[in-house]
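K.L.:
Fold the stuff below for me.
(one chain, ligands or ions: 1)
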Amino acid sequence: MAYADSQETSGENAPATNAVDGNPDTIWHTKWSGTAAPMPHEIQLNLGGDHTVSCLTYLPRQNSANGRIAKYEVYTSKDGTNWGNPVATGTWANTSAEQEACFTPVSAHYVRLRALSEVNGNPWTTAAEINVVGLAD
Ligand SMILES: [Ca+2]
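P.N.:
Numbers count the residues shown, from 1 in each chain. Have a look, this model is predicted:
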């Protein structure tokens, strides 16, 4: 299950759930038709219970650089409300290859990826797939 601050469902069918459907050809795209929603953007994943997680993986949009995340922050939460400080921050390259953000393993029910900038400075965020890597628990 996924929630995003913005999703395009008019100009194309690109809801947040496209980032967690297991299909690299379907994307989540923040609103671009009409007035584009401004940065920053975020997507929250509900893990369905507490799991020990250690990395977030981000498969960028495969067919275009539009919306690929550059500067990012990763947060985790037990309740979906209190996120605390980011567990990971950094800048991803403009590539179609899978990117990752790893951090000290933490028990989480929710994981949030926040996009602070796009590789070409545009206001959009896109994602083909987002996953979390966990430890057996
Ligand atoms: Ca997808």
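K.L.:
Which part of this protein gets nearest to the ion, residue-wise?
P.N.:
Going by CB to the ion, the ion is nearest to Thr26 of the chain, at 3.8 Å. To be clear about C-beta, it is placed using only N, CA and C from the backbone, and glycine gets the same treatment.
K.L.:
is it true that Ala19 lies in a helix?
P.N.:
Yes. Counting by DSSP: H, G, I helix; E, B strand; the rest coil, Ala19 is part of a helix.
K.L.:
what residue is smack in the middle of the protein?
P.N.:
Leu113 (4.4 Å; CA atoms, centre = their mean).
K.L.:
Please name the bridge partners of it.
P.N.:
On the basis of DSSP bridges, Leu113 is bridged to Ile43, Val74.
K.L.:
list the contacts for it?
P.N.:
Glu42, Ile43, Leu45, Leu56, Tyr58, Ile69, Tyr72, Glu73, Val74, Ala127, Ile130 (CB atoms under 8 Å, 6 or more residues apart in numbering).
K.L.:
My understanding was that Pro60 contacts Glu129; is that so?
P.N.:
No. Using CB atoms under 8 Å, Pro60 is not in contact with Glu129, being 9.2 Å away.
K.L.:
Show me the common contact partners of those two, please.
P.N.:
Common neighbours of Pro60 and Glu129 (CB under 8 Å, 6+ apart) do not exist.
K.L.:
Near the ion, which residues of this protein? Just list them.
P.N.:
Contact residues, the chain versus the ion (CB under 5 Å from the ion): Asn18, Asp21, Asn23, Thr26, Glu129.
K.L.:
Look at the last one and say how many residues are nearby.
P.N.:
Counted with other CB atoms under 10 Å, residues neighbouring Glu129 total 22.
K.L.:
so what's it scoring on pLDDT?
P.N.:
With respect to pLDDT, Glu129 scores 98.
K.L.:
in the sheet, who's paired with it?
P.N.:
Beta-bridge partners recorded for Glu129 (DSSP bridges): Leu59.
K.L.:
which one is Asn94 nearest to, not counting chain neighbours?
P.N.:
Sequence neighbours aside, Val119 is the residue nearest to Asn94 in space, at 3.9 Å (criterion: CB to CB, 6 or more residues apart in numbering).
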